[in-house]
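*Asks:* Let's see this in three dimensions:
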Amino acid sequence: MQPGLTVGYVPQVETVDWYFPVTVEEVIVMTRTNSKWWPRITPAERIEVREVLEKLGIADVANRHIRELSGGQQQRVFLARAMFRQPDILIMDEPTAGVDVRTRHEVLHLLADLHADGLTILLTTHDLNGLAAHLPRLVCFNKTVLADGTPREVLTSAVLEATYGAPMEVLEHGGMPIVIDHGRVAMRGEGK
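*Replies:* Numbering: from 1, shown residues only. Next up, the predicted model:
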């Protein structure tokens with residue numbers, strides 16, 4: 001990475017202590033504070049927070065406690081926190097884990113908009129089918145890079161088996177690859 005690049009990070013929502021006593025606004029401002037104590041929010045920062053929350057469609061939750069939010073709102077709060085840093089690159093760990101299909105699509109469309117505005121986004125995922133249609137480029141690796149390219153180029157049976165160490169079949173539907181995990185299919189069949 002180039003010196004001087006600002007990185008925004010969005011953790012998995014499962015790794016967050018949702019009972020920590022903070023509001024949405026405080027969570028966002030914490031990313032910039034250098035204080036050992038509670039973050040102080042300047043009037044200028046309050047305006048910035050509102051702008052970021054508005055961009056993400058959650059301005060109405062600024063003063064709510066983080067545990068009162070839906071899964072999609074929680075994900076957007078941590079995305080807002082990362083965006084508040086005004087990053088050059090955004091790193092996300094499983095951004096759609098634990099969210100419903102509608103929220104996944106909302107988050108992915110939001111990321112597409114941010115990418116179109118010039119933000120570089122790097123994310124990890126195991127949700128191959130959910131994300132393949134939304135990502136312009138994928139990289140699969142297992143100790144080394146195994147494939148790098150479009151979803152159609154990367155999501156092949158050979159690449160996925162080398163990545164995950166298990167056989168996977170790839171079908172095509174509507175011009176997009178669909179990954180079938182044989183292990184899950186076999187497990188479902190055993191219970192009958």
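*Asks:* hey, which helix is longest across this protein?
*Replies:* Counting residues, the longest helix found in the chain (DSSP state H) is helix 101-116.
*Asks:* And that helix, what does it pack against?
*Replies:* Counting by 3 or more CB pairs under 8 Å, 6 or more residues apart in numbering; DSSP states H and E, the packing neighbours recorded for helix 101-116 are helix 71-84, strand 120-124, helix 128-132. Using the backbone N, CA and C atoms, a C-beta is placed for each residue, glycine as well.
*Asks:* Now do the buried residues in the second one.
*Replies:* The neighbour-count check on strand 120-124 (16 or more other CB atoms under 10 Å) flags I121, L123 as buried.
*Asks:* Name the residues that touch that strand?
*Replies:* D88, I89, L90, I91, M92, D93, E94, P95, L111, L114, H115 (CB atoms under 8 Å, 6 or more residues apart in numbering).
*Asks:* Just those: which are in helices?
*Replies:* In this view, these that belong to helices under DSSP H are L111, L114, H115.
*Asks:* surely the first one meets P95?
*Replies:* So the one you mean is L111. Yes. At 7.4 Å, L111 and P95 qualify as touching, with contact defined as CB atoms under 8 Å.
*Asks:* who has more neighbours, the two?
*Replies:* It is P95, of L111 and P95, that has more neighbours when counted by other CB atoms under 10 Å, with 26 against 22.
*Asks:* Quick one: residues contacting that one.
*Replies:* Taking CB under 8 Å, 6+ apart, one finds V10, Q75, L79, V107, L111, L123, T125 in contact with P95.
*Asks:* From A97, how far off is the fourth one?
*Replies:* The reference is to V107. 11 Å (CB to CB, to the nearest Å).
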